[in-house]
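Just a sequence and a predicted model for now, questions to come.
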Amino acid sequence: MRRIFAFIGILLIILIGLAFSVLNADPVTVDIFFFEFQVALSVALVCALIAGAALGVLTSIAAGLRRRREIARLRRQLGYAERQLQAMRRVPLGDSDGH
């Protein structure tokens, strides 16, 4: 049953994509600094969407790597603090005769 729904969903996405492509087939001029070329509006929009998604993924990967480095740094600090605490627990607090 899930496969049928998945197949229908994929088919709907393909049909919507085809309709989008047909309805936006007008050529547009794309000017990228030194290059200028004409493509269909739908192709230009899809390329812009893909480029934006790729930049978003790269940004989130960079943020995740920063978080991992921060977690590793904090774990090292925690280990150091725990070692210091254990060392302090081994030191006697004072004389046993009350001085």
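Received the coordinates, thanks. Numbers count the residues shown, from 1 in each chain.

Is there a neighbour count for I32? I'd like the number.
Around I32 there are 7 other residues, counting by other CB atoms under 10 Å. Where C-beta positions appear, they are placed from N, C-alpha and C, glycine not excepted.

Any figure for the gap between it and I8?
38 Å (CB to CB, to the nearest Å).

again, but for A48
28 Å.

Over to R73?
Relative to I8, R73 is positioned 49 Å away (CB to CB).

Quick check: which element contains the spatially most central residue of the chain?
For the chain, the residue nearest the mean C-alpha position is S60 (2.9 Å; CA atoms, centre = their mean). Following DSSP states H and E, one finds S60 within helix 41-90.

How about the helix or strand harbouring I10, which residues are buried there?
Per DSSP H and E: I10 is located in helix 2-23. Across helix 2-23, burial judged by 16 or more other CB atoms under 10 Å covers no residue at all.

got a list of contacts for that helix?
40, 42 (CB atoms under 8 Å, 6 or more residues apart in numbering).

Show me how far whichever helix or strand comes after it is from its chain's centre.
Counting by DSSP H and E, the element after helix 2-23 in chain order, helix or strand, is strand 27-32. Remark: strand 27-32 is offset 30 Å from the chain centroid, using CA atoms, centre = their mean, to the nearest Å.

Which secondary structure elements does strand 27-32 sit against?
strand 35-40, helix 41-90 (3 or more CB pairs under 8 Å, 6 or more residues apart in numbering; DSSP states H and E).

helices or strands up against the first one?
Spelled out, that is strand 35-40. Helices and strands touching strand 35-40, by 3+ CB pairs under 8 Å, 6+ apart, are strand 27-32.

angle of the strand it packs on against helix 41-90?
Angle of strand 27-32 versus helix 41-90, following axes from the mean of the first three to the mean of the last three CA atoms, to 10 degrees, is 40 degrees.
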